[in-house]
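1. How does the following fold in three dimensions:
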Amino acid sequence: MDLSDCTLCPRNCHANRISAVHAGSVPLGYCGQTDEIKAARAALHMWEEPCLSGQTGSGTVFFSGCNMRCVFCQNNPISAGRAGKPLSVSRLSEIFLELQDQNACNINLVTPTHFVPQIIHALETAKSRGLTIPIVYNTSSYEKAETLKMLDGLVDIYLPDLKYISPALSRKYSYAEDYFHCAAAAIEEMVRQTGTPAFFPQKTDSTSYPAQDSEEPLMKKGVIVRHLALPGCMEDSKAILRYLYGTYKNDIYISIMNQYTPLPQFLDIKVFPELNRTITSEEYEELVNYAISVGIENGYIQEGGACSESFIPDFDCSGL
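-> Numbering: from 1, shown residues only. I've put the predicted structure just below:
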């Protein structure tokens, strides 16, 4: 992939992302990043789905920049590119191995789209040096299937969002009217690569995977599609659940999230007053009951109290 004419994602910026040219006034693309990897945190993370976090945590690497930059973004400091530090490909491969040494259940690549070519090199290097735990690709799903195909054989678990079906909502909140069209094709490619979900045994003596003592088995491969319920968007949320189950049945897991937290320091309340609240327990219960009514069995729900800024990690460059 030629990053001097970047078309990694559906924005198709054709930006010249080569670091050397940005000493001058050459504009960056939508993600705001050059070809130099930038990340804001690498650490064990306990707040993913139980089959990903296990007892020891998911080894998350939060990359800086984003090709979505939703108006309600829960990780605004990194999506806007303010937080983070540069990393070499070799350092990133070392981080993967360090997280494995900390008994991480997996390597969790958060918002990785704009760094796919560099991540591929880092993964290949780390795997040649003994990286064996599953690789998780954690994305907004505003992806190109062609870009995802570059990862075939390197990624074990895909963790995509499906934010909207409505083009009006995706245009209003994410400036991406074509979001569903792109996300649907991306998720199809993810399922093609990983196939039916598979899990490790609950206990294992394998030296290539951390032993767990838990009622929740750890995912080995597969797709978990997340949907973050937004206030006032119940009908679109239901349409998403219908689409996912109607298309994939039990070949994927669906995670229905209630953790949306309005962040007034980043959200323009005057422009988007409807987003200045969490969803109610009644709204979430209605959505969960709807999921059950359409036949969804492979799924995750969140307990009350997930709506809190305390669930947003510190992007303090830990572990980098």
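
2. Wait, Arg129 touches Leu97, no?
-> Yes - because the distance of 6.3 Å satisfies Cβ atoms under 8 Å, Arg129 is recorded as touching Leu97. Placement of C-beta: from N, CA and C, glycine included.

3. Looking at the two, which is more packed in?
-> Leu97 (16 against 11; other Cβ atoms under 10 Å).

4. Can you give me the pLDDT of that one?
-> With respect to pLDDT, Leu97 scores 98.

5. Provide a list of residues in contact with it.
-> Contact partners of Leu97, counting by Cβ atoms under 8 Å, 6 or more residues apart in numbering, are 126, 129-131.

6. The host helix or strand of it: which residues count as buried?
-> Leu97 belongs to helix 89-101 when elements are defined using DSSP states H and E. By neighbour count on 16 or more other Cβ atoms under 10 Å, the buried set for helix 89-101 is 89, 92-97, 99-100.

7. now swap in stretch 68-77 and tell me
-> Within stretch 68-77, the residues scored as buried using 16+ other Cβ under 10 Å are 68-70, 72-77.

8. Is it possible to get a markdown table of those that adds secondary structure?
-> Shown next, in a markdown table, are the buried residues of stretch 68-77 (DSSP: H, G, I helix; E, B strand; the rest coil):
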| residue | secondary structure |
| --- | --- |
| Met68 | coil |
| Arg69 | coil |
| Cys70 | coil |
| Phe72 | coil |
| Cys73 | coil |
| Gln74 | coil |
| Asn75 | coil |
| Asn76 | helix |
| Pro77 | helix |
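
9. for the stretch 151-300 of the chain, what are the low-confidence residue spans?
-> Applying pLDDT under 70 to the stretch 151-300 of the chain picks out residues 202-215.

10. all helices of it, in order?
-> Taking DSSP state H, counting those that start in this stretch to define them, one finds helices in the stretch 151-300 of the chain at 167-174, 179-194, 234-248, 281-294.

11. looking at those, which is buried most?
-> The highest mean neighbour count among the helices of the stretch 151-300 of the chain, using mean count of other Cβ atoms under 10 Å, belongs to helix 179-194: a mean of 20.

12. Show me how far that one is from its chain's centre.
-> Relative to the centre of its chain, helix 179-194 is centred 13 Å away, using Cα atoms, centre = their mean, to the nearest Å.

13. What lies in contact with it?
-> Residues from elsewhere that reach helix 179-194 (Cβ under 8 Å, 6+ apart): 10, 137, 139-145, 148-149, 151-153, 155-158, 160-167, 170, 176, 221-223, 225, 243, 248, 251-252.

14. From the residues you listed, list just the buried residues.
-> For those, a burial check counting by 16+ other Cβ under 10 Å picks out 10, 137, 139-144, 148, 151, 155-158, 160-166, 170, 176, 221-223, 225, 243, 248, 252.
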